[in-house]
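[1] predicted coordinates and the sequence they were generated for:
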Amino acid sequence: VQLVESGGGLVQPGGSLRLSCTGSKWAFKTYHIGWFRQAPGKEREGISCISSPDYITHYTDSVKGRFTFSRDDAKNTAYLEMNNLKPEDTAVYYCATVISYNCPRSYEYESWGQGTQVTVSS
């Protein structure tokens, strides 16, 4: 499946953004999806994942309570709602899909998008 992320941009601390991840295949609904981010000079970090078909979500501690992961399989799109953004959230954000099980290690994801830049700065 091909994935395209969108919705990134520049936002002030405390602001909000909604990222989208759109898949190319009708079978998008069968995939588990993950969101990752990579800041300059840092390793890629898994921040959230959502399962199929029961939409169970998991979040890393640094975003818990601020980010919400959802999906609309009728639109082949997943969303990451990000609130109360902090400068340390600045990174390129990627979505990825896997068919096997929810929240695997990052190297097990099979398809990746090109990423969208999120910059949190005043």
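    Structure's in. What do you need?

[2] which residue is nearest the centroid of the chain?
    The geometric centre of the chain, computed from its C-alpha atoms, lies nearest to Trp35 (CA atoms, centre = their mean), at 2.7 Å.

[3] okay, it and Val1: tell me how far apart.
    Here Trp35 is placed at a distance of 15 Å from Val1 (CB to CB, to the nearest Å). For the C-beta atoms, the positions are set from N, CA and C on the backbone; glycine is no exception.

[4] same question for Gln117.
    Per CB to CB, Gln117 is found 22 Å from Val1.

[5] where does this protein have low pLDDT?
    Scanning the chain for pLDDT under 70 picks out nothing.

[6] the residue of it most remote from its centre and Arg37: what is the separation?
    Distance from the centre of the chain peaks at Ser122, with 23.4 Å (CA atoms, centre = their mean). From Ser122 over to Arg37 the distance is 20 Å, taken as CB to CB.

[7] ok, Val120 next?
    Taking CB to CB, one finds Val120 at 12 Å from Arg37.
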